[in-house]
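K.L.:
Next comes the sequence, and after it the predicted model I'd like to discuss.
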Protein chains: 2
Amino acid sequence: MELTKSMEDYLESIYILKKQKRYVRIKDIVEKFNIAAASVTEAMLKLSKKNLVEHEKYGYIDLTEKGMEEARRVYSRHKILYKFLKNILLVSEGNSENDACEMEHIISKESYEKLVKFCDFVNKDTDTSSLLDKFHNSIDSKEGSCNDNGGDKMKNKRLNELKLGETGIILKIEGDKKLRKRLMDMGMLPGTDVKIVKVAPLGDPIEMKIKGFHLTIRKEDAKNILIED
Amino acid sequence: MELTKSMEDYLESIYILKKQKRYVRIKDIVEKFNIAAASVTEAMLKLSKKNLVEHEKYGYIDLTEKGMEEARRVYSRHKILYKFLKNILLVSEGNSENDACEMEHIISKESYEKLVKFCDFVNKDTDTSSLLDKFHNSIDSKEGSCNDNGGDKMKNKRLNELKLGETGIILKIEGDKKLRKRLMDMGMLPGTDVKIVKVAPLGDPIEMKIKGFHLTIRKEDAKNILIED
DNA sequence: TAAACTTATTAGGTGAGCCAAAATAGGAGG
DNA sequence: CCTCCTATTTTGGCTCACCTAATAAGTTTA
């Protein structure tokens, strides 16, 4: 199907309006989005051609079964995103709503499903609520730790500087060609996630998990791998 | 400033490429996004005019101080979203990356900051990790509970059907005009969040929290308020 | 029932962001 | 120094999602 963000927005708003008003007309959508009526008329024409909406000239607007499905798909994403932002992260109502409105169009099915499970889990598990309270308290107190961008310049580490249990993403591999090739053959490509799983007594060698399997390299070699975390 | 998604993407990619390559050229960006070189040339022109990028014809591309700031703002959002999706929700690498790539442009400052704190909290608090493990285990086992859209039709409840502690969003208020006006004057407008905080023995009256203050209404009246959760 | 008002449609136009094809610049090797 | 190849720019065109202004269809009301 592949709908644009706008088209999804129109379908979703028709869906919501119909729950409240029984009859939806061009004007309702105009008011909802604050756009020119001409734009809505045009959009309804397009959606009609795609069999997502029924709309005869100067008449009421309705969703087809297909349109309903799409609208529900989008709206269910909206709701879970809103809940997560509002109730778990304690984002303000306005920002939760706006962010949910945008993210609903782009979140993948997998992320959506995992987020549903996460919210479910937080709701049902009793241990979680006290922990969540703890988190909510901590939000207000310490205002630090959050570098929007200013301040420290996000300087990069090298692989040997990562501590046990830490994770990072490979940014770049330095050193001579031979070494670079050898490391890359082992799966160390820029963009790959690594996690340090064991460090020998003197910090050498270092064992890491990469692409699901374990890999051990010498500290000397690790110095050639730039990491960002 | 108000940059479009595309422009933010270009800035971000230049930022990342420069960390890896020292010199960034049109071709690098072409390869990164798989678009025509003409589009990149055009975009660089626009960014130059906005003083975000330095680029002389047929030469190297560099970020100005201002461009660097913007790039870092976007990139820091990317990283935290990726981490959250990948490490907390256990979304696959590909989807985490793609979703982060899109969401980075739209997430509000507040949501971003709260998400940073949340990830921080999860990392530092030791109680959390065991709980997170519990969540991660639960992900694989129960595959249910996640209605993408099919199946149940998201039917709406009425306010009196909400249980203690549950939350919902007001969808619509029915009943005669007088009642509707009275309820709306108390702040019950469509779109408002409510949370049930107390229910008297026979389910009447019902006390709820709405817009920060408490409100008590009769069960009879609550039946007129449609809720979606 | 016709004027007055509201709502919707048509027509024509804009900017963003992409494209293909043609023209041009820069660098490497003969 | 010229030729060839690749990288870049120019040109002209396309779609999407908006817009304004003019027109037409419904609706209300005197």
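P.N.:
Looks like it arrived, so ask away.
K.L.:
Would you confirm that A:V194 contacts A:E166?
P.N.:
No. Using Cβ atoms under 8 Å as the test, A:V194 is too far from A:E166 to be in contact (9.1 Å). Backbone N, C-alpha and C define where each C-beta goes, glycine included.
K.L.:
contacting residues around stretch A:206-218?
P.N.:
Residues from elsewhere that reach stretch A:206-218 (Cβ atoms under 8 Å, 6 or more residues apart in numbering or on different chains): A:159-160, A:183, A:186-188, A:192-200, A:204-205, A:219, A:222.
K.L.:
Tell me how far the nearest residue to A:K21 once chain neighbours are set aside lies from DNA strand D.
P.N.:
Spatial nearest neighbour of A:K21, chain neighbours left out: A:D28 (6.9 Å); criterion: Cβ to Cβ, 6 or more residues apart in numbering or on different chains. As defined by Cβ to the nearest atom of the strand, to the nearest Å, A:D28 lies at a distance of 15 Å from DNA strand D.
K.L.:
just A:A71 next, same as before
P.N.:
16 Å.
K.L.:
and if you look at A:G94?
P.N.:
Taking Cβ to the nearest atom of the strand, one finds A:G94 at 20 Å from DNA strand D.
K.L.:
what's around that residue, how many residues?
P.N.:
10 (other Cβ atoms under 10 Å in any protein chain shown).
K.L.:
A:N160 now?
P.N.:
20.
K.L.:
In contact with it: list those residues for me.
P.N.:
A:203, A:206, A:219, A:222-223.
K.L.:
Neighbour count for A:V194 and A:E166, which is higher?
P.N.:
A direct count of neighbours by other Cβ under 10 Å for A:V194 and A:E166 places A:V194 higher, at 23 against 15.
K.L.:
What pairs with whatever helix or strand that one lives in, parallel or antiparallel?
P.N.:
In the assignment (DSSP states H and E), A:V194 maps to strand A:193-199. Neighbouring strands of strand A:193-199 in its sheet, by DSSP bridges, are strand A:167-173 (antiparallel), strand A:206-210 (antiparallel).
K.L.:
closest one to B:L47 among those?
P.N.:
strand A:167-173 (23.4 Å; Cβ to Cβ).
K.L.:
just how off-centre is that closest one within its chain?
P.N.:
Put simply, strand A:167-173 sits 21 Å off its chain's centre (Cα atoms, centre = their mean, to the nearest Å).
K.L.:
What residue in chain A comes nearest to DNA strand D?
P.N.:
A:T4 (2.7 Å; Cβ to the nearest atom of the strand).
K.L.:
Number of residues surrounding A:E2?
P.N.:
4.
K.L.:
that's a strand at it, yeah?
P.N.:
No. If the criterion is DSSP: H, G, I helix; E, B strand; the rest coil, then A:E2 is coil and not within a strand.
K.L.:
Got phi/psi on it?
P.N.:
phi 60, psi 80 (degrees, to the nearest 10).
K.L.:
Tell me where chain A has helices.
P.N.:
A:5-21, A:26-33, A:37-49, A:65-83, A:93-103, A:109-124, A:126-141, A:177-185, A:219-222 (DSSP state H).
K.L.:
what sits against the spatially most central residue of chain A?
P.N.:
By Cα atoms, centre = their mean, the mean C-alpha position of chain A lies nearest to A:I107, the distance being 5.8 Å. Counting by Cβ under 8 Å, 6+ apart, A:I107 makes contact with A:77, A:81, A:115, B:99, B:103.
K.L.:
swap in A:D204?
P.N.:
Contacts of A:D204 by Cβ under 8 Å, 6+ apart are A:218-220.
K.L.:
how close does it get to A:I80?
P.N.:
Separation of A:D204 from A:I80 (Cβ to Cβ, to the nearest Å): 46 Å.
K.L.:
Now do the contacts for A:L17.
P.N.:
A:24, A:28-29, A:32 are the contacts of A:L17 under Cβ under 8 Å, 6+ apart.
K.L.:
Would you mind splitting chain A into its domains for me?
P.N.:
Here the domain parsing of chain A from automatic domain parsing is A:1-125, A:157-228.
K.L.:
before we move on, the earlier item: make TSV from the strands paired with strand A:193-199 and add mean neighbour count, mean pLDDT and distance to B:Q20 to it.
P.N.:
Listed next are the strands paired with strand A:193-199 as TSV, based on neighbours: other Cβ atoms under 10 Å in any protein chain shown; pLDDT from 0 to 100; distance: least, Cβ to Cβ, whole Å:
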stretch	mean neighbour count	mean pLDDT	distance to B:Q20
strand A:167-173	19	82	5
strand A:206-210	19	80	18
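K.L.:
where's the residue of chain A closest to DNA strand D relative to B:N137, distance?
P.N.:
Distance from A:T4 to B:N137, by Cβ to Cβ: 39 Å.
K.L.:
for A:A36, same thing?
P.N.:
Distance, A:A36 to B:N137, using Cβ to Cβ: 52 Å.
K.L.:
Next: A:E56.
P.N.:
54 Å.
K.L.:
what does A:E54 give?
P.N.:
Taking Cβ to Cβ, one finds A:E54 at 46 Å from B:N137.
K.L.:
For the two, indicate the residue with more neighbours.
P.N.:
Between A:E54 and B:N137, counted using other Cβ under 10 Å, the more crowded position is A:E54 (15 against 9).
K.L.:
got a list of what the more buried one touches?
P.N.:
Contacts of A:E54 (Cβ under 8 Å, 6+ apart): A:48, A:61-64.
K.L.:
Adding pLDDT and distance to chain B as columns, could you present those in JSON lines?
P.N.:
Formatted as JSON lines, those follow (pLDDT from 0 to 100; distance: Cβ to the nearest Cβ, whole Å):
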{"residue": "A:S48", "pLDDT": "96", "distance to chain B": "22"}
{"residue": "A:I61", "pLDDT": "97", "distance to chain B": "18"}
{"residue": "A:D62", "pLDDT": "96", "distance to chain B": "16"}
{"residue": "A:L63", "pLDDT": "96", "distance to chain B": "13"}
{"residue": "A:T64", "pLDDT": "96", "distance to chain B": "15"}
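K.L.:
now those residues as a markdown table including neighbour count?
P.N.:
Shown next, in a markdown table, are the contacts of A:E54 (neighbours: other Cβ atoms under 10 Å in any protein chain shown):
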| residue | neighbour count |
| --- | --- |
| A:S48 | 16 |
| A:I61 | 23 |
| A:D62 | 15 |
| A:L63 | 21 |
| A:T64 | 15 |
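K.L.:
Good, wrapping up.
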